[in-house]
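Enquirer: no sequence on this one, just coordinates:
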Ligand SMILES: *Cc1c(COP(=O)(O)O)cnc(C)c1O
């Protein structure tokens, strides 16, 4: 797919005017048009639909109906919302459930997958994986007496990992491959289907973390023969801070796997209060305990917006917008000490674009805290020099992308960042 872009600001406006998804921005709470939010890959924006649902959940479901709301609505939501996530990830009903956080879900699935492949002793991942994924694996390894060895694929260029590199690590002693679909720093995106095929040839299961790709890239869990997956709902799915995560288990694997966190919500009938655990049918046995209901209830209306916009359209717009951003980067920023930190090929990228600068931290500070009136731009910073620009096609406009690049150019040219401290905050 070849795009042809122009550098003028009028061109950005024309792209917004012809954008088939333009009406969706109005569904989000945007109180100040001078704030350009490029961090939807860390925390998606609040929508009016979610606000309305939360008000209803608090005022009516909790406030008036009290405990009756478990039966009327809350109890079934973990499955119902899972089935809605299935619609945008190419899974079947009953293959996804919403619960816990991504870390806990990864623990449950990795643990049971290793048990299922008993006798094999190696776990394969990569140096780009999100730290929590590696910490969870390291924890399982130490808690099971060091029986397993973790092998990490490296990257020659710091941006991509070669499929052959992963392939060469998958051997007859490999029990499990655990990878993030889109790398949180560089935005590198794996070919899930190809890696899964390579692993299956050696009888190995693959567990994918979809946190940085769900809701914004094409995912076909069934068509790609994916075994296991986890992901969070507060990034591109816009479910709100701390909204519970999801887990996916392919139908035919569900009977073979069991949860290492046998809580009462995963019992066949929690309200019989049996003294002995009997796993629920299907994926429900992977629930642990009571979900955070306010957060849980916020997810569904956010997903309905994605459903209405159409995941295909969102994916197309994401590709167009990241290509446009990279086009402007090449025109305006490349000679100012910035380097590209993301793959050049659109099919190898997720929906954020990372640019690198040795003063990246202070440049981010200058974007967030402008010295004079103008745009306040919110990217995020990832050590040591990565400025991440997250594109959320439901609400990010082409004009915002244009203004962000021009502002970065201004900050670099004037040295405005020099007046900021290099001291990092608690959350970057
Ligand atoms: C954001 C993210 C997580 C978050 O994990 P939580 O346990 O939900 O905090 C995990 N993995 C990846 C790849 C992520 O991008």
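Expert: Thanks, I have it. Remember, predicted model here, so these are calculated numbers, not experimental data.
Enquirer: kindly report the domain assignment for the chain.
Expert: According to automatic domain parsing, the chain comprises the domains 9-46+310-419, 51-307.
Enquirer: show the average pLDDT along the first one.
Expert: Averaging pLDDT along domain 9-46+310-419 yields 97.
Enquirer: quickly check: it near the ligand or not.
Expert: No: judged by Cβ under 6 Å from any ligand atom, domain 9-46+310-419 makes no contact with the ligand; its nearest approach is 7.3 Å. The C-beta positions use only the backbone N, C-alpha and C, and glycine is treated the same way.
Enquirer: quick revisit: as CSV, the domains of the chain with mean neighbour count would be great.
Expert: Converted to CSV, these look like this (neighbours: other Cβ atoms under 10 Å):
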stretch, mean neighbour count
domain 9-46+310-419, 18
domain 51-307, 19
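Enquirer: turn the ones you listed into JSON lines, columns for distance to residue 426.
Expert: Shown next, in JSON lines, are the domains of the chain (distance: least, Cβ to Cβ, whole Å):
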{"stretch": "domain 9-46+310-419", "distance to residue 426": "13"}
{"stretch": "domain 51-307", "distance to residue 426": "15"}
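Enquirer: of all these, which one is nearest residue 425?
Expert: domain 9-46+310-419 (9.3 Å; Cβ to Cβ).
Enquirer: first-to-last residue distance for the closest one?
Expert: End-to-end distance of domain 9-46+310-419: 29 Å, with Cα to Cα, to the nearest Å as the criterion.
Enquirer: what of stretch 355-363?
Expert: End-to-end distance for stretch 355-363: 11 Å, by Cα to Cα.
Enquirer: all helices for the stretch 251-400 of the chain, in order.
Expert: Using DSSP state H, counting those that start in this stretch, the helices of the stretch 251-400 of the chain run over 251-254, 293-309, 311-332, 360-368, 398-414.
Enquirer: the stretch 1-150 of the chain too?
Expert: Applying DSSP H, counting those that start in this stretch to the stretch 1-150 of the chain gives helices spanning 9-17, 48-56, 68-69, 75-89, 102-116, 131-143.
Enquirer: measure how far the second one is from the centre of its chain, please.
Expert: When C-alpha coordinates are averaged (Cα atoms, centre = their mean, to the nearest Å), helix 48-56 and its chain have centres 23 Å apart.
Enquirer: and it, what does it pack against?
Expert: The contact analysis (3 or more Cβ pairs under 8 Å, 6 or more residues apart in numbering; DSSP states H and E) places helix 48-56 against helix 293-309.
Enquirer: over to the fifth one?
Expert: The elements that helix 102-116 packs onto, with contact taken as 3+ Cβ pairs under 8 Å, 6+ apart, are helix 131-143, strand 174-180, strand 205-209, strand 228-231, strand 245-249.
Enquirer: same list, these, but as JSON lines with mean pLDDT please.
Expert: What follows is those, written out as JSON lines (pLDDT from 0 to 100):
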{"stretch": "helix 131-143", "mean pLDDT": "97"}
{"stretch": "strand 174-180", "mean pLDDT": "98"}
{"stretch": "strand 205-209", "mean pLDDT": "98"}
{"stretch": "strand 228-231", "mean pLDDT": "98"}
{"stretch": "strand 245-249", "mean pLDDT": "98"}
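Enquirer: which of the ones you listed sits closest to residue 68?
Expert: Nearest to residue 68, of the helices and strands packed on helix 102-116 and by Cβ to Cβ, is strand 245-249 at 26.5 Å.
Enquirer: what angle sits between the closest one and helix 75-89?
Expert: 70 degrees (axes from the mean of the first three to the mean of the last three Cα atoms, to 10 degrees).
Enquirer: for strand 245-249, packing partners?
Expert: Using 3+ Cβ pairs under 8 Å, 6+ apart, the elements in contact with strand 245-249 are helix 75-89, strand 96-99, helix 102-116, strand 228-231.
Enquirer: residues touching the second one, excluding its own?
Expert: So that's strand 96-99. Here strand 96-99 makes contact (Cβ atoms under 8 Å, 6 or more residues apart in numbering) with 77-79, 81-83, 85-86, 89, 105, 233, 244-248, 265, 283-284, 286-288, 291, 296, 299.
Enquirer: pretty sure residue 332 contacts residue 403?
Expert: No: applying Cβ atoms under 8 Å as the test, residue 332 and residue 403 come out as separate, 11.7 Å apart.
Enquirer: switch the helices and strands packed on helix 102-116 over to JSON lines; also include distance to the ligand.
Expert: What follows is the helices and strands packed on helix 102-116, written out as JSON lines (distance: least, Cβ to the nearest ligand atom, whole Å):
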{"stretch": "helix 131-143", "distance to the ligand": "5"}
{"stretch": "strand 174-180", "distance to the ligand": "4"}
{"stretch": "strand 205-209", "distance to the ligand": "4"}
{"stretch": "strand 228-231", "distance to the ligand": "8"}
{"stretch": "strand 245-249", "distance to the ligand": "5"}
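Enquirer: around the ligand, pick out the residues from the stretch 101-250 of the chain.
Expert: So the stretch 101-250 of the chain meets the ligand at 101-103, 130, 132-133, 180, 184, 209, 211-212, 232, 245 (Cβ under 6 Å from any ligand atom).
Enquirer: switch to 5 Å and redo it
Expert: Counting by Cβ under 5 Å from any ligand atom, the stretch 101-250 of the chain comes close to the ligand at 101, 102, 103, 130, 132, 180, 184, 209, 211, 212, 232.
Enquirer: distance check, the residue nearest to the first one when sequence neighbours are not counted against residue 365.
Expert: Using Cβ to Cβ, 6 or more residues apart in numbering and skipping the chain neighbours, the partner closest in space to residue 101 is residue 245 (5.0 Å). Taking Cβ to Cβ, to the nearest Å as the criterion, residue 245 is separated from residue 365 by 31 Å.
Enquirer: contacting residues around the residue lying closest to residue 147 once chain neighbours are set aside?
Expert: Leaving aside its chain neighbours, residue 147 sits nearest to residue 121 (6.1 Å; criterion: Cβ to Cβ, 6+ apart). Neighbouring residues of residue 121 by Cβ under 8 Å, 6+ apart: 147, 148, 149, 173, 175.
Enquirer: rewinding a little: could the helices and strands packed on strand 245-249 go into CSV alongside distance to residue 68?
Expert: Below are the helices and strands packed on strand 245-249 laid out as CSV (distance: least, Cβ to Cβ, whole Å):
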stretch, distance to residue 68
helix 75-89, 11
strand 96-99, 22
helix 102-116, 29
strand 228-231, 32
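Enquirer: closest to residue 358 out of those?
Expert: Residue 358 lies closest to helix 102-116 among the helices and strands packed on strand 245-249, at 31.5 Å (Cβ to Cβ).
Enquirer: from memory residue 355 sits against residue 381, does it?
Expert: No: counting by Cβ under 8 Å, residue 355 stays clear of residue 381, with 11.1 Å between them.
Enquirer: what touches both of those two?
Expert: Residues touching both residue 355 and residue 381 (Cβ under 8 Å, 6+ apart) are residue 387.
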